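Trainee: please work out how this folds:
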Amino acid sequence: MANTNPLVSSIEEANITILPDDIRINGTMTFKHSLMIKGILEGEIISEGLLVVVPTAKVTAKISTKNLISHGEIQGDVTATEQVVLKETAIHTGNIKAPKIIVESGSLLNGSISMNGNGSAVM
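Mentor: Purely as a prediction, here's the structure:
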């Protein structure tokens, strides 16, 4: 069966950088392509690409990105220019602004969601 989710396809095709689970980062991260976080990050994330937060990750940050797929724990506001996906293991505390948002059954979301229908995030 063909995969119809463009974010999943982009993960499979992306040259993704992985921050392992034994790394703790404090500060601002800026990147253009794809990043997978397995460890702890506190601060701010500014991305023009895909951000993936795995179940072992704990992120406390203000996030600005193109796409976010979260399986882990995020505390902080997220603004995405394309899409945010909270998978069933995700725990999110903070507000989300994006034109497309998927919140899977089982995920926890404590915050508000802002969307608009013209394909751009509400800023």
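
Trainee: so where's this protein shaky on pLDDT?
Mentor: 1-14, 117-123 (pLDDT under 70).

Trainee: identify the residues contacting the strand or helix carrying residue 66?
Mentor: Residue 66 is part of strand 58-70 when elements are defined by DSSP states H and E. Residues outside strand 58-70 that contact it (C-beta atoms under 8 Å, 6 or more residues apart in numbering): 7, 10-11, 37, 39-53, 72-87, 90, 92, 98. Where you see a C-beta, it was placed from the backbone N, CA and C, and this is true even at glycine.

Trainee: now do the buried residues in stretch 22-36.
Mentor: The neighbour-count check on stretch 22-36 (16 or more other C-beta atoms under 10 Å) flags 25, 29, 34, 35, 36 as buried.

Trainee: taking the residues you listed together, which two end up most distant?
Mentor: 25 and 34 (16.7 Å; C-beta to C-beta).

Trainee: quick revisit: which positions in the strand holding residue 66 come out as buried?
Mentor: Using 16+ other C-beta under 10 Å as the test for burial, strand 58-70 gives 58, 59, 61, 63, 64, 65, 66, 67, 68, 69, 70.

Trainee: and those, which two are the farthest apart?
Mentor: So, those by C-beta to C-beta: farthest apart are 58 and 66, at 22.2 Å.

Trainee: around residue 41, how many other residues sit close by?
Mentor: Residue 41 has 24 neighbours, counted by other C-beta atoms under 10 Å.

Trainee: show me the contacts for residue 37.
Mentor: The neighbours of residue 37, taking C-beta under 8 Å, 6+ apart as the test, are 19, 51, 52, 53, 54, 57, 59, 72.

Trainee: in strands, which of the residues you listed fall?
Mentor: Among the contacts of residue 37, the members falling in strands (DSSP state E) are 19, 51, 52, 53, 59.
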